[in-house]
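Undergrad: Got a predicted structure here, sequence first:
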Amino acid sequence: MARQGIVYIVGAGPGRPDLITIRGLDAIKQADCIITDRLASHGLLRHARPDAEVIYAPKGIGHASIAQSRINELMIQRAMEGKVVVRLKGGDPSVFARTAEELAALLTAGIPFQIIPGVTAAAGAAAYAGIMLTDRRFASQVVFVTGHQAEDKHEGQIDWSKLANLDGTIVLYMAARNLKQIAGHLLAKGLAGSTPVAIIVNATLPTQKVIRCRLDQIRGMFSENELEPPAIIIIGQVAGADPRLEWSCRLPLSGRAILITRDQQGNSELASIIEDNGGRAIAFETVRTRPLPIIATIAKLSSYDWIVFTSRRGVGSFFEQLHVSDMDARALGRAHVAAIGPATYQALMQFGIKADLVPQQYTTIALARALIESADLRGRRILLIRSELADERLESALKAAGGSVEQVAAYTSEPVNGDPTAIVNMLRSGQVDWVTFASSYQARVFFQQIEPQLVNSNSRVASIGPQTSAELARLGVRVDLEAGTHTIEGLVQAIIQAN
Ligand code: SAH
């Protein structure tokens, strides 16, 4: 019998990809087909299977919109082919999401379904603005209202007079464009002009903005279309309870935009550290890495006294190829292992290798020094697992100490020629606070596409260590900061301190 399909209606949460539920994420990981709306975080799609079909289905006004009936059709078709379908929706599926129509269609077609809840935008916005929706000192009821209908023919559906007399908390969805009218309705029906209002734009995201005011100030606050959706508007005494509870604006990189210039994996790691600290990461992919064959080296691994890894990427490529050759960590035999820094050390740990040596400073020079100090290298066979682009300094230093050194390129990095227009525009308009560089090669590729002057005059530059700084200087770039600890975490810490 053919496998039976199923549709999971999944709430993606309010914005930040990691605010989805565990069960929702599990469904994404399993899915054969994902149909996603505009507000569901794109970051979540990283967890999809590589072979999953992803259908982007934005709805709403003014966008390349897709008809609801077409979405229903797609879900049903795929499920009938026996597929696991995830219908991914921003926030929670039961709140202003037209899920009822989708469920009716599934019922009619006899397709099994499950609904996985999500954090609705009101809850996300309230949490990140530090507003307790039913703080019992001020409110014993809360109402979710769509602001979408305020100016169109359905105006009658919302009883503004009832809302004005609610004596509780009003949360408006889809109200950014109509906020003035709505404030007008509420004032006209008797809600006090002094009622506190909090407007939370891009809630939970690095671009979040919280605007606090009184109800009677809204009219004069925004020009037409100035308030860009998505926004949640919280109206009521709770919105003014205690602005000090807005913890998210006190994160160390809150309000800072930081351009990151590594490969895809490196950028996503760096972005998550920046975002955990409240900053906004803007990714520009400079290079792509590709493993190189090292079969010949693998065959004689057990003959080395030291095997030295100078990057996490090198560890990954090395073990990938070891596994392809049907071998594992045991192939390293009695060799000692050195790692350039903590990330490389951790990567080795994942393959069951506890490195014997990590230098105090995470540079190739410090690594050479540490190796030379730790053992008599005369006559020792040393294997360096490196990038094709690595320079010769480590090799020469170890050779000078009497080691018999072999260097093998386990991977190479190739430049990516993306479209820099968006980045150029952001730099030009002063939207980028920091541009970061984690390697000299990546810096070189970046400045092949972007004028150094553009960065020098619009942004500050942070470098991970001396080698990268030297390359930047050579390219004519002013280095404002060099990380004291030459790791990605060290780079972010240095930026936090310089802020
Ligand atoms: N099902 C969704 C709501 C979809 S309607 C939920 O439960 O959250 C779309 C509206 O949700 C937007 O107009 C806005 O009012 C709100 N919204 C969604 N994401 C938001 C975000 N990150 N910040 C502020 N408001 C958001």
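TA: Happy to help now that I have it.
Undergrad: Show me what Val201 bridges to in the sheet.
TA: Counting by DSSP bridges, Val201 is bridged to Lys209, Ala231.
Undergrad: Can you give me the buried ones in the strand ranked longest in the chain?
TA: Looking across the chain with DSSP state E, the single longest strand is strand 404-415. Under the neighbour-count criterion of 16 or more other CB atoms under 10 Å, strand 404-415 has 405, 407-411, 413, 415 buried. (Glycine included, C-beta is placed from N, CA and C.)
Undergrad: And stretch 87-105, by the same measure?
TA: Quick answer for stretch 87-105 (16+ other CB under 10 Å): 87-93, 95-97, 99, 102-103, 105.
Undergrad: Quickly check these for the two that are furthest apart.
TA: Using CB to CB, the buried residues of stretch 87-105 span at most 20.8 Å, a distance reached by Gly91 and Ala105.
Undergrad: follow-up on the earlier one: list just the nearest of the buried residues of strand 404-415 to Thr297.
TA: Val408 (4.7 Å).
Undergrad: who touches that closest one in this structure?
TA: Shown in contact with Val408 (CB atoms under 8 Å, 6 or more residues apart in numbering): 294, 297, 383-386.
Undergrad: please redo it, this time with the cut-off set to 6 Å
TA: By CB atoms under 6 Å, 6 or more residues apart in numbering, the contact set of Val408 is 294, 297.
Undergrad: give me the beta-bridge partners of the closest residue to the ligand within the stretch 1-150 of the chain?
TA: The nearest approach of the stretch 1-150 of the chain to the ligand comes at Gly91, 1.9 Å away (CB to the nearest ligand atom). Beta-bridge pairing for Gly91 (DSSP bridges): Gly13.
Undergrad: That one reaches Ala122, doesn't it?
TA: No: using CB atoms under 6 Å as the test, Gly91 is too far from Ala122 to be in contact (8.2 Å).
Undergrad: Near the ligand, which residues of the stretch 101-250 of the chain are found?
TA: Proximity of the stretch 101-250 of the chain to the ligand (CB under 6 Å from any ligand atom) is limited to residues 120-121, 125, 173-174, 200, 202-205, 229-232.
Undergrad: switch the cut-off to 8 Å
TA: For the stretch 101-250 of the chain, the residues in contact with the ligand (CB under 8 Å from any ligand atom) are 118-122, 124-125, 146-148, 172-176, 200-205, 208, 229-233.
Undergrad: Taking those, please make a PyMOL selection of just the buried ones.
TA: In PyMOL, the members of these classed as buried (16+ other CB under 10 Å) are selected with the following command:
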select buried, resi 118+119+120+121+122+124+125+146+147+148+172+173+174+175+176+200+201+202+203+204+205+208+230+231+232+233
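Undergrad: Among the residues of the stretch 101-250 of the chain next to the ligand, which lie within helices?
TA: The helices, defined by DSSP state H, take in 121-122, 124-125 from these.
Undergrad: Go through these and name the one nearest Arg428.
TA: For those, the nearest to Arg428 is Ala125 (31.5 Å; CB to CB).
Undergrad: what sits against that closest one?
TA: Here Ala125 is in contact with 200, 203, 232 (CB under 6 Å, 6+ apart).
Undergrad: 8 Å instead?
TA: Ala125 makes contact with 14, 131, 200, 203-204, 232, 234 under the criterion CB under 8 Å, 6+ apart.
Undergrad: Run through the residues that contact the closest residue to Gly11 other than its chain neighbours.
TA: Distance criterion CB to CB, 6 or more residues apart in numbering; nearest residue to Gly11, sequence neighbours excluded, is Gly118 at 1.9 Å. Contacts here follow CB under 8 Å, 6+ apart; on that basis Gly118 touches 10-14, 20-21, 24, 89-93.
Undergrad: Output these in CSV; the columns should cover pLDDT and distance to Arg393.
TA: Formatted as CSV, the contacts of Gly118 follow (pLDDT from 0 to 100; distance: CB to CB, whole Å):
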residue, pLDDT, distance to Arg393
Val10, 98, 51
Gly11, 98, 53
Ala12, 98, 48
Gly13, 98, 47
Pro14, 97, 49
Ile20, 98, 45
Thr21, 98, 49
Gly24, 98, 49
Lys89, 97, 53
Gly90, 97, 50
Gly91, 98, 53
Asp92, 98, 56
Pro93, 98, 57
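Undergrad: Format the residues you listed as JSON lines; extra columns: distance to Ile158.
TA: JSON lines is the format used below for those (distance: CB to CB, whole Å):
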{"residue": "Val10", "distance to Ile158": "29"}
{"residue": "Gly11", "distance to Ile158": "24"}
{"residue": "Ala12", "distance to Ile158": "27"}
{"residue": "Gly13", "distance to Ile158": "27"}
{"residue": "Pro14", "distance to Ile158": "23"}
{"residue": "Ile20", "distance to Ile158": "30"}
{"residue": "Thr21", "distance to Ile158": "31"}
{"residue": "Gly24", "distance to Ile158": "31"}
{"residue": "Lys89", "distance to Ile158": "23"}
{"residue": "Gly90", "distance to Ile158": "22"}
{"residue": "Gly91", "distance to Ile158": "20"}
{"residue": "Asp92", "distance to Ile158": "21"}
{"residue": "Pro93", "distance to Ile158": "22"}
